[in-house]
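# sequence and predicted structure, then a few things I'm wondering about:
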2 protein chains.
Amino acid sequence: MSDSTSTSIGLLLFPALTQLDLTGPYEVFARAPNTNVHLIWKNLDRVISDRGMAIQPTTTFEACPKLDVICVPGGPGQIDLMEDEEVLSFIRIQSEQAKLVTSVCTGSLVLGAAGLLEGYRATTHWASLEQLALLGAEPVNERVVRDRNRITGAGVTSGIDFALNVVSEMYGSDIAQNIQLHMEYDPAPPFNCGSPRTAPAEQLRKAQEQVAPFIEKRRLATLKAAARLKK
Amino acid sequence: MSDSTSTSIGLLLFPALTQLDLTGPYEVFARAPNTNVHLIWKNLDRVISDRGMAIQPTTTFEACPKLDVICVPGGPGQIDLMEDEEVLSFIRIQSEQAKLVTSVCTGSLVLGAAGLLEGYRATTHWASLEQLALLGAEPVNERVVRDRNRITGAGVTSGIDFALNVVSEMYGSDIAQNIQLHMEYDPAPPFNCGSPRTAPAEQLRKAQEQVAPFIEKRRLATLKAAARLKK
């Protein structure tokens, strides 16, 4: 239950999502004061992530209250969302009155498929970044991108940086810093291999090769979504 | 199902855990080649995290195969685990043959309560670090601490750094770097407030005040666990 004095943040929870796209921001948002965080799907059945974790939604499209922040995570399952009118319609309607319309990873392509990024600067996972342009957005190679009330995060782990930015925007930097300290977010990656900018060439080549078939599948879905937007 | 040629990594999933302690490492481990990642609890009923996320275990103490890596996350619920002989016994038995015995956040206090950190260097969430000494461990103020086959991570978000270290150890640094790149782990915290070392004094004071009652409750549970170990 939410009431008019509390903040409602909703994360879309869908089959074959990349769970950390959602669980990173969830941990940050759930620590914000006087806030209800909703995990939203078509029904309340548990949802299985791309790598097998089963998480239960807390509300449905139908029962979900008006959201102050809507956030769409990414993962292989977002390909299906891009042509799911029930999903796109839910996102569009919530976005009309939400203070912030946001995404992590390839979730931004779903926002794009809903027509919500036309003319906006946005980001997504590095391997899919160029595809944002197909949906009328301006791809920006940054970890967290804000343009008016759209905030998009880059791949997977960017969700933590993204969510701290969102909390800072919604509740002020004092609260965001307090949450960062409680979560001991003082990252120390053991390698300097977290982005195409820093990864050794051979690592980048290998990763690109591994995702290539999948990126092509996503590109076709994005092209279809773009064609529907132009109708 | 695991077979003799695959690697089994088990994460304890318990009521009132801090879900990111588990979901961060899960995302890393589940990307390792030829690996089964188990979410283990007493039964298969969904487990509710300290902030309300419902995740389903994949196996039980009874059905769990022999693990190559056992990992205990933290969170308020670990206080109960420290005096739960069924849990401690499961961890002890698995640890006898596991290649790596590990934890994230206050999970290390559970390892300690099981008698598995006596004489080992270890870490935990900054607010509980000193308590490790009560269980015979040497507290180390680092993000990821290795001593022989024990690897412990600091608070919450350290689980990602921790897990990349574990993967590097088990599968080699090439695989760990590959996973880091796919997860776009190139962190960019918006504030420099993630540890007591870097946080502004006022932020640290406030956070310490907020956790004080809870830390005291944990200290009493840790003292009781220490007394049991000495028997």
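Now that the structure is in, tell me what you want to look at. As the structure is a computational prediction, the values presented were derived from the model and not from experiment.

# so where do the helices sit in chain A?
A:19-29, A:78-81, A:85-97, A:107-113, A:158-171, A:173-182, A:201-230 (DSSP state H).

# can I get those in TSV with distance to A:C64?
To be clear about C-beta, it is placed using only N, CA and C from the backbone, and glycine gets the same treatment. Listed next are the helices of chain A as TSV, based on distance: least, C-beta to C-beta, whole Å:
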stretch	distance to A:C64
helix A:19-29	15
helix A:78-81	16
helix A:85-97	8
helix A:107-113	16
helix A:158-171	18
helix A:173-182	24
helix A:201-230	23
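
# now those helices in TSV, please, with extra columns for distance to chain B, mean pLDDT and mean neighbour count.
Output for the helices of chain A, formatted as TSV (distance: least, C-beta to the nearest C-beta, whole Å; pLDDT from 0 to 100; neighbours: other C-beta atoms under 10 Å in any protein chain shown):
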stretch	distance to chain B	mean pLDDT	mean neighbour count
helix A:19-29	4	98	29
helix A:78-81	15	98	23
helix A:85-97	21	98	16
helix A:107-113	13	98	30
helix A:158-171	5	98	26
helix A:173-182	4	98	22
helix A:201-230	5	97	14
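
# now for those helices, which one comes closest to B:D50?
Closest approach to B:D50 among the helices of chain A is made by helix A:19-29 (9.8 Å; C-beta to C-beta).

# okay, the closest one in PDB with CA atoms only?
These are the backbone C-alpha positions of helix A:19-29, laid out as PDB (Å, rounded to 0.1, in the frame of the first residue of the first chain):
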ATOM      1  CA  GLN A  19      18.500  -9.900 -12.000                       C
ATOM      2  CA  LEU A  20      21.300  -7.600 -10.900                       C
ATOM      3  CA  ASP A  21      19.900  -4.800 -13.100                       C
ATOM      4  CA  LEU A  22      17.000  -4.900 -10.700                       C
ATOM      5  CA  THR A  23      18.500  -6.000  -7.400                       C
ATOM      6  CA  GLY A  24      21.200  -3.400  -7.400                       C
ATOM      7  CA  PRO A  25      18.800  -0.400  -7.600                       C
ATOM      8  CA  TYR A  26      16.300  -2.300  -5.400                       C
ATOM      9  CA  GLU A  27      18.800  -2.300  -2.500                       C
ATOM     10  CA  VAL A  28      19.400   1.400  -2.900                       C
ATOM     11  CA  PHE A  29      15.700   2.400  -3.300                       C
END
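
# coming back round to it: out of the helices of chain A, the one nearest B:G52 is which?
Nearest of the helices of chain A (C-beta to C-beta): helix A:19-29, 9.2 Å.

# quick one, that closest one and helix A:173-182 angle?
Relative orientation of helix A:19-29 versus helix A:173-182 (axes from the mean of the first three to the mean of the last three C-alpha atoms, to 10 degrees): 120 degrees.

# and helix A:19-29, what does it pack onto?
Where contact means 3 or more C-beta pairs under 8 Å, 6 or more residues apart in numbering or on different chains; DSSP states H and E, helix A:19-29 is packed against strand A:7-12, strand A:35-41, helix A:158-171, helix B:19-29.

# can you lay out those as a markdown table showing distance to A:I48?
Shown next, in a markdown table, are the helices and strands packed on helix A:19-29 (distance: least, C-beta to C-beta, whole Å):
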| stretch | distance to A:I48 |
| --- | --- |
| strand A:7-12 | 15 |
| strand A:35-41 | 11 |
| helix A:158-171 | 19 |
| helix B:19-29 | 13 |
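
# I'd like to know which of the ones you listed is closest to B:N192.
Smallest distance to B:N192 across these (C-beta to C-beta): 11.8 Å, for helix A:158-171.

# now that closest one against strand A:35-41, angle please.
130 degrees.

# doesn't A:P15 make contact with A:I48?
Yes. Counting by C-beta atoms under 8 Å, A:I48 sits close enough to A:P15 to count as a contact (6.1 Å).

# out of the helices of chain A, which gets nearest to A:Q56?
helix A:19-29 (12.4 Å).

# off-centre distance for the closest one?
Chain-centre distance of helix A:19-29: 10 Å, with C-alpha atoms, centre = their mean, to the nearest Å.

# and it with strand A:7-12, angle?
170 degrees.

# and the closest residue to A:T106 other than its chain neighbours, what does it touch?
In space, and not counting its chain neighbours, A:T106 is closest to A:G74: 3.3 Å by C-beta to C-beta, 6 or more residues apart in numbering or on different chains. Listed by C-beta atoms under 8 Å, 6 or more residues apart in numbering or on different chains, the contact partners of A:G74 are A:17-18, A:21, A:103-110, A:124-125, A:155-156.

# now A:K42
A:60-61, A:86-87.

# buried stuff in stretch A:118-129?
Within stretch A:118-129, the residues that qualify as buried are A:120-129, counting by 16 or more other C-beta atoms under 10 Å in any protein chain shown.

# just the CA atoms of that stretch, as CSV, please.
C-alpha atoms of stretch A:118-129 as CSV (Å, rounded to 0.1, in the frame of the first residue of the first chain):
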residue,chain,number,x,y,z
GLU,A,118,12.5,10.1,-28.9
GLY,A,119,14.8,13.2,-28.8
TYR,A,120,16.4,12.2,-25.5
ARG,A,121,20.0,11.5,-24.7
ALA,A,122,20.2,8.0,-23.2
THR,A,123,22.5,5.1,-22.5
THR,A,124,22.3,1.3,-22.3
HIS,A,125,24.7,-1.7,-22.1
TRP,A,126,27.8,-1.0,-24.1
ALA,A,127,27.1,-3.8,-26.5
SER,A,128,23.7,-2.4,-27.5
LEU,A,129,24.4,1.3,-27.3
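
# what number of residues lie near the residue nearest to A:H38 when sequence neighbours are not counted?
Take A:H38 and drop its neighbours on the chain: the residue closest to it by C-beta to C-beta, 6+ apart is A:G10, 4.3 Å away. Using other C-beta atoms under 10 Å in any protein chain shown, A:G10 has 27 neighbouring residues.
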